[in-house]
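Enquirer: all I have is the shape, not the residue letters:
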């Protein structure tokens, strides 16, 4: 009875339709990039040592040296001064030097 | 008997209902005389940049700078002299000196001419065809009284469309009714007659009914569910409790005890949502004004919490909701109340995410700065993940991201440049971590520079206002021996500092880590 | 139902836990017909009777099973049958009997109503049905979740009340695995229906919690499984402790999904407290080891304990099945930033070769770092930003800029060449380098102007972080680099 005498139903409380999120590219957030990126269940429960990645790396480097040698490298370019970038850098440094001498 | 003492002890543990009455009293409302205004509280638009904190940076600051703040008054006391409040104002403070209240409203309060529309609304309610078998006359009266006095309090008595106002409803609804104005007149003898209008029950309103009032008080003084009657009644009681919670402007978690006496009020709002919203809008306006005038943070914070509570319970989620949270967040920010600020921020995030408009950019930027302050890396990651491509083009957000990046890379030079140019109210947040970043920068410099350099270099790099301020900072951290005078300038002996600032830096950052965990 | 129980008996007779678990696996995509036939084998009462017969009265089976245990299994399969009904309905593979009987045309309408169509716009005579159907579809995965949760409880009860032995624990895993799946579907379904079930009347409620209601509940159930395994005091050979990593790995996945990775820390704490009584980690199946090490590594990573993270992730990587490309990709996603920060090493082209996604993520960045190309670094970071942020590696990778800068400054140092050594000795590298030279290099590499004070600030940082040895003489405008290893670890 109470509800029938209520002039306006509760729908007032719901969000008005015009305030729905905009669907534009710009409103896409990084967090919203949903895709299943969970660590997957392995299809088998266990496997022998020779099927591990470690064994795989050993196999590929049978010619000698340890696996890690080939997979990780130093973070700097060792003195490869022939590339454009280094050449440009030398030019810049020359200019500084010249300015100082003047 | 005051309303507070009639509140069932079991219903609201730790919640004390009192202050809100100021907005819902059936007595002449101190605010009812103010003209609501929607324009006076406009924040600077997020794109505007402001100089570092000063009075004109924040509207409320600016306002308070020119508003004479009255002597501290009793809790919730408005600035005008309202004799009905004197009772509890007296309990702690002498009554405030009479300010000069606008004369006209004062008179209005003394004598109210009920508008014809209101009179006919009352009449209609009592017409037999409109009477429902399950609504007692008493209930009807109480309901009417509440509706009308609320309208009056809110200053909308003359603007309300009484012709289409729903009539008091069935007993189910009525029984869940909050006790409304019921308790006002308990204090009536403490008021001066001039405060009273015809709305006061003791002055002979047609619907006055002491019996009803008593029964209401009784009802709410019993914990719901302990009703001795049937289960159905227990349910009703539960309903009532809900309703009561809903509508009551509660103040909770407040450290201060309720005043022993005073105008304690029930509430309104068994009306439709739009009507309630109207009331809430008005409340917000009044709060804004009050904040500008009095700058009483504890009070305003409690009021905002109640307003928020109402919005939550009523499930009102719209732009108005956003603005309530935004305004409360800004005030909390200004006052350095990070706990409250963070609550608002959390809600705002959800509200914006559901597509409701507001100053999302401004607050997304704060959010980043806030998590920089609390050193909450995970949350910072989340905050960044929340940004849209468009967001990242906004100045305030760009700024916050650059602050983060500068700190991540130890680029104090860039950091302090950003500190000098913060959009909106971000400077309040940056102020909170600028000290620890100065220590970090000094630790850095002391390891990298030899043997010394001018103090001025620090002043400029670390954005101190003056050499004196920079020197003081160094001295405050026991670095006085690093400052020497040479020729006409002060020299900072960076090479001699050893681990002095490194230790101070580590301490400052450790403290933040602890805080960030809370 | 008969055939299912036949499989159960075969697995039970040979004590094959995994086969046993298979009889409780609702693998709809691969097994729809079979599951359907199980469901259609009877109604509630007849299935109950059948199970009672099969487990209790049928003496032909001769399973070595106490009557206590038999009752436990009987209840489990009954719960399973009920859950199957919900699953098949939610998958749209069967009509809901009750509902169809009540409203013969409803299921027809379900397919007519687009879920995105707002209810309020329905003004047609259909609207009532639409409303009803909306409610029905809304709750389908929630019902599945609830039914499956009941099954899970029955299985847990099997261990606590019905004398189940530890070789059957794969059943616990299947129960937990599907429970989590259904919880996520239930949450997603509620979310897509746009219903905000705000039941909390405090305004500081966490909207996130509402969004993940079922999954949060699921986390509690998984914790029960975890404790069931952890608390077993039987000798190791009979212990349920062998199920512990099943439970932990499911919990980790759940906590990560709930954005509460930090809760995983509690699990690790409890685990390390009881580690003495635990079987050796190495004796668990590799699938469990790798999964556990992956999450342990990521947790350390998120707390910026990069060295610890590197240890765990390296172990996960080496133990991982060589064919599990996707998982290897995930491990490397965190291992690569670890290496960058701990040993300043970068993945080689060879390492990245099998992983196009990792190449896209890291190759440009690695190249820019090596070259000392600040602008290239900035661009690569920006291009990958969304992905990096999502993976939570952005903040770590950003610190690679220091390495890029170090490499650039190193180039300036090398370009400075040699000068006469003291007292006519051998030539030595020039160690006194004008700030202006570094500034010019940074301007060129960064592609934008930068004032000298900021350059000094960057140099100070290099020194502060031990990436460069020496000091800045501010008033004189140059840097004095160490004669011995100006750039530690890089050969100069």
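Expert: Perfect, I can see it now. Since the structure is predicted, the reported quantities are computational estimates derived from the model, not experimental observations.
Enquirer: C-alpha from now on. contacts and neighbour counts both.
Expert: Will do.
Enquirer: near chain A, which residues of the stretch 1-150 of chain C?
Expert: Residues of the stretch 1-150 of chain C found near chain A (C-alpha under 8 Å from any C-alpha of the partner chain): none.
Enquirer: and for residue 50, the neighbour number?
Expert: This is for chain A. 14 (other C-alpha atoms under 10 Å in any protein chain shown).
Enquirer: wait, chain C was what I had in mind.
Expert: Residues lying near residue C:50 (other C-alpha under 10 Å) number 18.
Enquirer: residue contacts, residue C:353?
Expert: residue C:359 (C-alpha atoms under 8 Å, 6 or more residues apart in numbering or on different chains).
Enquirer: dihedrals phi and psi, it?
Expert: Here is the backbone geometry of residue C:353 (degrees, to the nearest 10): phi -50, psi -50.
Enquirer: what is the least confident helix or strand in chain A?
Expert: Of all helical and strand segments in chain A, the minimum by mean pLDDT, DSSP states H and E falls on helix A:2-5, at a mean of 39.
Enquirer: who does the helix or strand just after that one touch, helix- and strand-wise?
Expert: Of the helices and strands lying after helix A:2-5 in sequence (DSSP states H and E), the nearest is helix A:53-60. Applying 3 or more C-alpha pairs under 8 Å, 6 or more residues apart in numbering or on different chains; DSSP states H and E, one finds that helix A:53-60 contacts helix A:67-71, helix C:306-319.
Enquirer: with mean neighbour count and distance to chain B added, can I get these in a markdown table?
Expert: What follows is the helices and strands packed on helix A:53-60, written out as a markdown table (neighbours: other C-alpha atoms under 10 Å in any protein chain shown; distance: least, C-alpha to the nearest C-alpha, whole Å):
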| stretch | mean neighbour count | distance to chain B |
| --- | --- | --- |
| helix A:67-71 | 15 | 28 |
| helix C:306-319 | 22 | 15 |
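Enquirer: mind telling me which of those the model trusts least?
Expert: Mean pLDDT is lowest for helix A:67-71 among those, at a mean of 67.
Enquirer: can you list the strands that the helix or strand just after it pairs with?
Expert: Counting by DSSP H and E, the element after helix A:67-71 in chain order, helix or strand, is strand A:72-74. Looking at strand A:72-74 with DSSP bridges, its partner strands are strand C:345-347 (antiparallel).
Enquirer: identify the residues contacting the next helix or strand along the chain from the partner strand?
Expert: Once the chain leaves strand C:345-347, the next helix or strand it forms, by DSSP H and E, is helix C:349-352. Residues from elsewhere that reach helix C:349-352 (C-alpha under 8 Å, 6+ apart): A:70, A:71, A:72, C:358, C:359.
Enquirer: in space, what's closest to the last one - neighbours in sequence excluded?
Expert: Closest residue to residue C:359 in three dimensions, ignoring its sequence neighbours and counting by C-alpha to C-alpha, 6 or more residues apart in numbering or on different chains: residue C:352, at 5.7 Å.
Enquirer: what residue ranges in the chain score low on pLDDT?
Expert: Using chain A here. A:1-36, A:60-69, A:78-82, A:101-102 (pLDDT under 70).
Enquirer: I was thinking of chain C, sorry if that wasn't clear
Expert: C:62, C:95-139, C:193-210.
Enquirer: please enumerate the strands of it.
Expert: C:345-347, C:418-419, C:428-429, C:432-434, C:470-473, C:478-481 (DSSP state E).
Enquirer: JSON lines for these, including mean neighbour count?
Expert: Shown next, in JSON lines, are the strands of chain C (neighbours: other C-alpha atoms under 10 Å in any protein chain shown):
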{"stretch": "strand C:345-347", "mean neighbour count": "24"}
{"stretch": "strand C:418-419", "mean neighbour count": "13"}
{"stretch": "strand C:428-429", "mean neighbour count": "16"}
{"stretch": "strand C:432-434", "mean neighbour count": "18"}
{"stretch": "strand C:470-473", "mean neighbour count": "24"}
{"stretch": "strand C:478-481", "mean neighbour count": "21"}
